[in-house]
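Engineer: Predicted model follows, preceded by the sequence.
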Amino acid sequence: MTAPRTVVITGAGTGIGAACAKRFADAGDRVVLIGRRRAPLEQLAEATGGLVCAADAADTHAWDGIIRQIRDTAPPIDALIACAGGHGLGTATETDDAGWSAAMRLNLDTAFASARACLPDLIGQRGSIVLVASIASLAAGPGVCGYTTAKHALIGLTRSLARDYGPQGVRVNAVCPGWVRTPMADEEMQPFIDHYGDTLDAAYQRVCANVPLRRPATAEEIAAICAFLASPAASIITGAAIVADGGSSIVDVPTLAYEQLTQDRR
């Protein structure tokens, strides 16, 4: 039986972060729950026994206090799961300076500041980092310039950290989910609900119509991948971007018209 690890999770209040917290806690690990809203963290702490640190993961000064709190109450950090993120809506001409800065802060600065703060412990523990990125790290959707740019940058951050700290035993990987049923994604279904009268389930089916598995992921499925990447079973994997999108990124988009033609001929 392996000894319990100390696992820091940002964006832990909801969605993938909360699922990761439950997954690691169920495995016997100590979880540190970081997020901007205290209420959901405290609720999650009741279920996981986690240490609550209500703070903005992009705030360097906040990390000084978080690290002190961890060292006062737990052994050194063994793993960082960086789930914190947010929107970055609008094309380039629709994105003002404040919107651009917000997209970078929510989706990139949170990961960078978290990794930098945790690395001294991770080096000592020969630990691991998992950055939760997106298929937007690999391709561009419409009207999400800030989000797409920040998520692409997460892959660069993954590779840079893996390159620099691999010799010291630290592994760094990224997970690139497609649609995942989370509160944030639920909000993104609202235009389909409003325009087509879809139910929430029907809206997800609509956006997954050309996904080979024809469904979104659950937060628990993504948490399982994060747990694997942070485990000894993935001991040779570093610098990787693991795609978990139901197959959407393998679809040859120009051939979709031929698929529709075949269906219409039947």
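Structural biologist: Cool, got the structure. Residues are numbered from 1 along each chain as shown.

Engineer: Spit out the contact partners of P40.
Structural biologist: Going by Cβ atoms under 8 Å, 6 or more residues apart in numbering, P40 touches G13, T14, A18. Where you see a C-beta, it was placed from the backbone N, CA and C, and this is true even at glycine.

Engineer: How many residues are close by D164?
Structural biologist: By other Cβ atoms under 10 Å, 12 other residues sit near D164.

Engineer: re the thing from before, list the ones among the contacts of P40 that fall in strands.
Structural biologist: Here DSSP state E is the test, and the contacts of P40 give no hits in strands at all.

Engineer: Go through the residues you listed and name the one nearest R71.
Structural biologist: Nearest to R71 among the contacts of P40 is G13, at 22.9 Å by Cβ to Cβ.

Engineer: just checking, that closest one touches R37?
Structural biologist: Yes - between G13 and R37 there is a contact under Cβ atoms under 8 Å: 5.4 Å.

Engineer: what about the strands in the stretch 101-250 of the chain?
Structural biologist: Taking DSSP state E, counting those that start in this stretch as the test, the strands found in the stretch 101-250 of the chain are 128-132, 171-177, 180-181, 217-218, 241-244.

Engineer: and the fourth one, what does it pack onto?
Structural biologist: Identification of packing neighbours for strand 217-218 by 3 or more Cβ pairs under 8 Å, 6 or more residues apart in numbering; DSSP states H and E yields strand 180-181.

Engineer: before we move on, back to that, neighbour-wise, which of G13 and R37 wins?
Structural biologist: Neighbour totals were compared for G13 and R37, and G13 leads with 26 against 10 (other Cβ under 10 Å).

Engineer: what about that one, distance to W179?
Structural biologist: G13 sits 20 Å away from W179, going by Cβ to Cβ, to the nearest Å.

Engineer: can you check I129 too?
Structural biologist: Using Cβ to Cβ, one gets 24 Å for the distance from I129 to W179.

Engineer: Of those two, which one has the most company?
Structural biologist: Counted by other Cβ under 10 Å, I129 and W179 do not tie: I129 has more neighbours, with 29 against 19.

Engineer: For the more buried one, give me its contacts.
Structural biologist: Contacts here follow Cβ under 8 Å, 6+ apart; on that basis I129 touches A79, L80, A82, A115, C118, L122, L161, V170, R171, V172, N173.

Engineer: at 10 Å what do you get?
Structural biologist: Going by Cβ atoms under 10 Å, 6 or more residues apart in numbering, I129 touches 8, 77, 79-82, 111, 114-115, 118-119, 122, 157-158, 161-162, 165, 170-174, 229-230, 238.

Engineer: Excluding its own residues, what touches the worst-scoring helix or strand of the chain on mean pLDDT? List them.
Structural biologist: Ranked by mean pLDDT, DSSP states H and E, the helix or strand of the chain with the weakest confidence is helix 256-265, at a mean of 77. With contact meaning Cβ under 10 Å, 6+ apart, helix 256-265 is reached by A209, N210, V251, D252.

Engineer: can we see that at 7 Å?
Structural biologist: N210 (Cβ atoms under 7 Å, 6 or more residues apart in numbering).

Engineer: Return it as PDB; C-alpha atoms alone will do.
Structural biologist: Provided in PDB are the C-alpha atoms of helix 256-265 (Å, rounded to 0.1, in the frame of the first residue of the first chain):
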ATOM      1  CA  LEU A 256     -18.700  15.500 -43.100                       C
ATOM      2  CA  ALA A 257     -20.700  16.600 -46.100                       C
ATOM      3  CA  TYR A 258     -20.100  13.200 -47.700                       C
ATOM      4  CA  GLU A 259     -21.400  11.500 -44.500                       C
ATOM      5  CA  GLN A 260     -24.500  13.600 -44.600                       C
ATOM      6  CA  LEU A 261     -24.900  12.800 -48.400                       C
ATOM      7  CA  THR A 262     -24.800   9.100 -47.600                       C
ATOM      8  CA  GLN A 263     -27.400   9.500 -44.900                       C
ATOM      9  CA  ASP A 264     -29.700  11.600 -47.200                       C
ATOM     10  CA  ARG A 265     -29.600   8.900 -49.900                       C
END
